[in-house]
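[1] sequence unavailable; structure follows:
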């Protein structure tokens with residue numbers, strides 16, 4: 001809600017707290033930690049810090065791949081978010097690879113005709 005309202009700093013504080021709680025409860029390599037990292041990465045990306053956002057997405061991807069697997073929807077979402085960063089950086093080759101990977105994951109689970 002805070003990020004939708006443009007209150008990115010408040011949103012980042014809330015996501016940082018959520019991440020700390022999840023790391024304390026579940027450990028640093030749990031799927032819930034990856035969700036927090038991905039969510040915080042989206043807010044930081046919206047704020048314009050592409051380097052930090054990509055770092056968070058990469059960490060989330062590592063956790064996703066090791067916990068839920070390379071073909072899980074959460075992995076696809078994180079890969080797509082990484083692609084968004086690469087578009088902003090004008091690295092269209094890397095973005096295309098990431099988007100194609102995310103699309104394959106979504107199509108595997110949801111089918112080619114799903115609106116996602």
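    That came through fine. What you see is a predicted model; the values in this text were computed from it and never measured.
[2] residue 77: neighbour count?
    22 (other Cβ atoms under 10 Å). Backbone N, C-alpha and C define where each C-beta goes, glycine included.
[3] go ahead and confirm it touches residue 37.
    No. Counting by Cβ atoms under 8 Å, residue 77 does not reach residue 37; the two are 11.6 Å apart.
[4] can you list contacts of stretch 31-44?
    The contact list for stretch 31-44 (Cβ atoms under 8 Å, 6 or more residues apart in numbering) reads 3, 8, 11-12, 15-16, 18-19, 22-23, 25-27, 52-54, 56-57, 59-61, 63-64, 67-68, 74, 77-78, 81.
[5] mind checking which of these are buried?
    The neighbour count (16 or more other Cβ atoms under 10 Å) marks 3, 8, 11-12, 15, 18-19, 22-23, 53-54, 56-57, 59-61, 63-64, 67, 74, 77-78, 81 as buried among these.
[6] how about the helices in the chain?
    8-26, 31-47, 50-67, 73-88, 92-110 (DSSP state H).
[7] just send these back as CSV, with mean pLDDT too.
    Shown next, in CSV, are those (pLDDT from 0 to 100):
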stretch, mean pLDDT
helix 8-26, 95
helix 31-47, 96
helix 50-67, 98
helix 73-88, 98
helix 92-110, 96
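[8] burial of residue 48, as a residue count?
    Count around residue 48 with other Cβ under 10 Å applied: 10.
[9] for it, what are phi and psi?
    For residue 48, the backbone dihedrals (degrees, to the nearest 10) come out as phi 110, psi 0.
[10] and for residue 112?
    phi -70, psi -20.
[11] so it versus residue 7, what's the distance?
    According to Cβ to Cβ, to the nearest Å, residue 112 stands 38 Å off from residue 7.
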